[in-house]
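Undergrad: A predicted structure for the sequence below; I have some questions about it.
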Amino acid sequence: MIARLSAPELLSKNKFNVDEEEAHIIIDKAICARCGEKACLYICPAVLYKLDKNGEMSFDYAGCLECGTCRVMCKDKGIVKWGYPRGTFGVNYRCG
Ligand code: SF4
């Protein structure tokens, strides 16, 4: 019988080649501060959007799955840049 992996276990199989010189997603924290819903906190499957201890939005593009959900759901346009990583960078999906 093949073991069924949980979502966190599956996500942990992915590899990332992080582009340290060019972020493919950039947020404007001042806009995020004015946003009421902050949908990004709930919809990012990689849980990359967080509030720090001061209540300020923090984001790290390093573990991005490139799904595009935050781009669609960012109502107040706090995401000022969204693109795919440059060639050879980003997530490398691995299927178990
Ligand atoms: S593209 Fe997807 S995984 Fe990447 S930050 Fe946005 S919601 Fe999270």
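TA: That came in fine, so what should we check first? Numbering: from 1, shown residues only.

Undergrad: low pLDDT regions in the chain?
TA: For the chain, the stretches with pLDDT under 70 are 95-96.

Undergrad: give me that answer again for 80
TA: Low-confidence segments of the chain (pLDDT under 80): 1-3, 7, 95-96.

Undergrad: what residues does it put near the ligand?
TA: Taking CB under 6 Å from any ligand atom as the contact definition, the chain meets the ligand at 25, 44, 45, 46, 48, 64, 65, 66, 67, 68, 69, 70. Bear in mind the C-beta positions are built from the backbone N, C-alpha and C, glycine included.

Undergrad: Return the subset of the residues you listed lying in helices.
TA: Cross-referencing the residues of the chain next to the ligand against helices under DSSP state H gives 69, 70.

Undergrad: can you pull out the strands in this protein?
TA: 15-17, 25-27, 49-51, 57-59, 79-82, 90-92 (DSSP state E).
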